[in-house]
Every structure is written in structure tokens, then in C-alpha cells.
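In: structure, please.
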Amino acid sequence: MLIYTAGPITGLSYDTSTNWRDNLKKILPKNIQIISPMRGKDYLKESKKIEAWDENDPLRSKKGIVTRDRFDVSRCDLFFANLSTSSKISIGTMVEFGWADFKRKPIITLLKKDDIIYQHPFIYELSSFIVHDLNTAAEIIKNFL
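Out: Presented below is the predicted three-dimensional model:
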């Protein structure tokens, strides 16, 4: 089983972008594989603020990011969006959200309990499940798949 792990990246540190994905992987059974848009980007470990793209790096070029993320969303079994890590709307994550819905992927969305950034009908209506912590998301994933 494949889960695409969407969430804000631009403007965040490498650790903020990857730690929750690593934590999710640890609490899920081994037969559930995480697909991360941060895979293969370990060279960003020292980044305190990841830039949106880098045209000198094929995987981080505008075309590379969109191509790989679209492919990953289309091949996953379930789409998980962690929207709790940023203070502004992530345009890329919202586009991925649309791709997931178009492909009729189940969508689990993690929001802060008091979230005001993502209070939008599209988030609430396209999400199969809305949760407020990673452990609850993991339980739904385990029982859903």
C-alpha cells in the first residue's frame, strides 16, 4: 500500500518538512509505504528555510517538482495531507489535493484544532477524514487500508 504524504515545504526547515513523515512511517505497519516529496533531497538537511524550487537541480526544478508529485499522487492508494505545519496556505499542496480528488483517492487531512488558514469548503468537502493529530491519522490509515 502506498500513501502520498502531502504538506507544506516552501519556507519551512528540512526537519519540519520531514520529521512528521518519519514519525508517521514509524507508527504504520511495514506493509504501508510512505511516498514523500522530500525523498532524495537529503542535501537540504541543513536548510532552515527551503526555497520553492531550484532550476539547477532537476528534481527541484519547477517541472521536476510538478512531474514527480503528480505521478506520486496518481499512483498512491491514499492521500494524506498534513496542513498543521505552516502559517500560510501551501499552493502546491492544494493542487495535489485536487489531483487526489480527481483520481478519487481517499483523503485524510490533519489540521490544527483551531485552524483558520485552511477553513475552506474544498478542504472539508474533499477530505474523507479530518483529524487533529498524527496518531489518529495513523489509526485511520491502518484500518482503512
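
In: got the residue ranges for the strands in this structure?
Out: Using DSSP state E, the strands assigned to the chain run over residues 2-6, 33-35, 78-82, 107-110, 129-131.

In: quick one: the helices in the chain?
Out: Taking DSSP state H to define them, one finds helices in the chain at 14-27, 62-75, 91-102, 121-126, 134-144.

In: I'd like those helices laid out as CSV, including mean pLDDT, distance to residue 34 and mean neighbour count.
Out: The way it works is simple: take the backbone N, C-alpha and C, and place the C-beta from them, glycine included. Output for the helices of the chain, formatted as CSV (pLDDT from 0 to 100; distance: least, CB to CB, whole Å; neighbours: other CB atoms under 10 Å):
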stretch, mean pLDDT, distance to residue 34, mean neighbour count
helix 14-27, 95, 5, 16
helix 62-75, 96, 11, 15
helix 91-102, 97, 15, 18
helix 121-126, 95, 21, 13
helix 134-144, 95, 10, 16
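
In: make TSV out of these and add distance to residue 36.
Out: Listed next are the helices of the chain as TSV, based on distance: least, CB to CB, whole Å:
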stretch	distance to residue 36
helix 14-27	5
helix 62-75	9
helix 91-102	12
helix 121-126	21
helix 134-144	14
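
In: so for residue 81, which of the ones you listed sits nearest?
Out: Within the helices of the chain, the stretch nearest residue 81 is helix 91-102; the backing value is 6.0 Å (CB to CB).

In: who's sitting farthest from the centroid in this structure?
Out: residue 56 (23.9 Å; CA atoms, centre = their mean).

In: give me the pLDDT value at that one.
Out: With respect to pLDDT, residue 56 scores 82.

In: can you give me phi and psi for residue 114?
Out: Dihedral angles of residue 114 (phi, psi; degrees, to the nearest 10) stand at phi -100, psi 30.

In: that one and residue 132: what is the separation?
Out: With distances taken as CB to CB, to the nearest Å, residue 114 is found 9 Å from residue 132.

In: which of these two has more residues huddled nearby?
Out: Legend: neighbour count by other CB atoms under 10 Å for residue 114 and residue 132, higher for residue 132 (14 against 6).
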